[in-house]
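Visitor: what would the 3D arrangement of this be:
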Amino acid sequence: MHMLTSIRTSNGKIEIIDQLLLPHTTKYVEITSIEQAYDAIKDMKIRGAPAIASLASLAFAAYIQNGLDSAQPPAFLLSPESLSAQVIHKLDYLSGARPTAVNLGAAIRRLKAVLQSSINAGKSVGLIAADLISEGKLIADEDFDRNKKMAEHGGEWLAELDRGSGGSGQELNVLTVCNTGSLATSGYGTALGLITHLHEQKKLGKAYYTQTAPYHQGSRLTALELKTMQISSVMICDTMVGSLFQHHKIHAVAVGADRIARNGDTANKIGTYNAAVLAARHKIPFIVVAPISTVDLDTPDGSSIPIEHRKPLEACLVRGAVHPFEFDVEGKVRQETVMITPSGLEGIYNPSFDVTPAELITAIVTEKGVATRKEGETSFDLSGVV
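Guide: Residues are numbered from 1 along each chain as shown. Next up, the predicted model:
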């Protein structure tokens with residue numbers, strides 16, 4: 001089964017697929033500096049908490065490697081002290097690209113911990129640099145395997161839940177929000193990975209997904225991934241979730257996460273909270289699927305999660321292919337950005353994320369397993385899955 005790839009590397013070269021051009025144009029962009037990685041993350045050429053962390057880590061590792069490969073070593077490689085100062089400066093810079101996605105912060109903390117450990121061990125500047133490069137690559141490499149694990153945990157848990165309530169554990173219909181597949185990770189995906197696992201095990205009925213305005217990650221990216229994998233699917237507008245639940249059998253809602261607080265409150269793409277409220281009303285299980293790195297035990301609850309607000313103008317614009325299709329001299333579909341609102345609007349509310357309270361979540365899945373709330377409790381004990 002063919003899957004799309006958000007990041008590809010070869011012989012030290014890092015390329016990302018420009019997700020702003022999808023689904024009509026597939027263009028890989030080379031990332032040759034930490035600054036380019038920062039801009040790609042900030043501008044959402046790459047998005048999805050795990051993919052952001054992977055790109056930042058790979059770009060950082062490449063920066064250190066390029067320094068080692070230089071004929072004239074840069075000043076920051078002259079001593080452990082100068083390396084430490086430069087590493088902390090660059091990592092702190094990267095951390096500001098997307099503040100809500102905790103995976104990026106987790107990756108940066110890992111790299112800083114390796115830096116400190118290597119310095120404390122009395123290693124030479126060359127060995128410290130090698131340790132940092134190795135850790136940066138490892139952060140990206142380990143993503144695929146853990147995604148497969150959590151997808152299996154979540155998919156099989158849902159099938160068993162359905163069987164326990166008198167169902168067959170087959171033909172399961174699952175709604176998802178935003179894009180949480182291979183384009184949002186280093187491969188396979190989180191919530192969309194759960195759907196992919198059910199499909200591979202022949203337990204999936206249909207995958208449903210919201211368009212996810214204003215960036216339309218659902219209609220642009222999830223649609224493309226499901227179509228590429230030939231998974232039976234149905235797109236709905238964000239405002240149609242309630243109607244879908246009223247008129248169709250939906251066995252679960254599965255979403256990803258950008259940050260999970262210690263009590264289980266979960267920040268995810270805007271519109272997730274709406275779906276959770278409606279799922280609770282219709283008694284539909286609501287599942288959060290995310291790696292351990294997304295769980296922030298230092299944040300007690302959702303009220304402490306920083307919520308990124310995007311530029312107001314972004315809520316007024318839509319980019320897509322001209323229809324009927326027009327092609328340029330290279331045979332590529334012509335795309336345009338159009339404004340769908342009156343110009344000069346003064347009042348625009350445009351948060352990128354919302355927070356779903358733990359009491360609306362049925363299960364939280366990581367690569368270590370599935371956590372559920374105890375009867376009558378409104379928060380999670382996540383100790384068994386982190």
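Visitor: C-terminal to the helix or strand in which Gly154 is found, what's the next element?
Guide: For Gly154, the host element (DSSP states H and E) is helix 125-164. Later in the chain than helix 125-164, the nearest helix or strand by DSSP H and E is strand 172-176.
Visitor: tell me what the next helix or strand after that following strand is packed against?
Guide: Later in the chain than strand 172-176, the nearest helix or strand by DSSP H and E is helix 191-200. Packed against helix 191-200 by the contact rule (3 or more C-beta pairs under 8 Å, 6 or more residues apart in numbering; DSSP states H and E) you find helix 125-164, strand 172-176, strand 204-210, strand 252-255, strand 286-289. Where you see a C-beta, it was placed from the backbone N, CA and C, and this is true even at glycine.
Visitor: give me the distance from helix 191-200 to the chain's centre.
Guide: Distance, stretch centre to chain centre, for helix 191-200: 15 Å (C-alpha atoms, centre = their mean, to the nearest Å).
Visitor: what do you get for stretch 287-297?
Guide: Centroid separation for stretch 287-297 versus its chain: 11 Å, with C-alpha atoms, centre = their mean.
Visitor: centre-most residue in this protein?
Guide: Gly48 (2.4 Å; C-alpha atoms, centre = their mean).
Visitor: please name the nearest non-neighbouring residue to it.
Guide: Leaving aside its sequence neighbours, Gly48 sits nearest to Ala184 (C-beta to C-beta, 6 or more residues apart in numbering; 2.5 Å).
Visitor: picking that back up, residue contacts, the residue nearest to the centre of the chain?
Guide: Contacts for Gly48 (C-beta atoms under 8 Å, 6 or more residues apart in numbering) come out as Ser6, Asn179, Thr180, Leu183, Ala184, Thr185, Gly256.
Visitor: and the gap between the first one and Val289?
Guide: According to C-beta to C-beta, to the nearest Å, Ser6 and Val289 sit 17 Å apart.
Visitor: what about those two, which has more around it?
Guide: Val289 (30 against 26; other C-beta atoms under 10 Å).
Visitor: what distance separates the start and the end of stretch 41-58?
Guide: End-to-end distance for stretch 41-58, by C-alpha to C-alpha, to the nearest Å: 13 Å.
Visitor: in that stretch, which residues are buried?
Guide: 41, 44-58 (16 or more other C-beta atoms under 10 Å).
Visitor: next one: stretch 340-358
Guide: In terms of neighbour count (16+ other C-beta under 10 Å), stretch 340-358 has its buried residues at Ser352, Phe353, Asp354, Val355, Thr356, Pro357, Ala358.
Visitor: ok, the fifth one - contacts?
Guide: It stands for Thr356. Val255, Asp265, Thr266, Ala267, Asn268, Thr272, Tyr273, Ala276, Phe286, Val288, Gly302.
Visitor: filter the residues you listed down to just the ones in helices.
Guide: Secondary structure from DSSP state H places Thr272, Tyr273, Ala276 of the contacts of Thr356 in helices.
Visitor: just the strands in the stretch 1-150 of the chain please.
Guide: 7-10, 13-17, 28-31 (DSSP state E, counting those that start in this stretch).
Visitor: restricting to C-alpha, output the longest one in PDB.
Guide: These are the backbone C-alpha positions of strand 13-17, laid out as PDB (Å, rounded to 0.1, in the frame of the first residue of the first chain):
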ATOM      1  CA  LYS A  13      20.100  16.000   1.900                       C
ATOM      2  CA  ILE A  14      16.800  16.900   3.600                       C
ATOM      3  CA  GLU A  15      13.700  17.500   1.600                       C
ATOM      4  CA  ILE A  16      10.100  18.200   2.700                       C
ATOM      5  CA  ILE A  17       6.900  18.000   0.600                       C
END
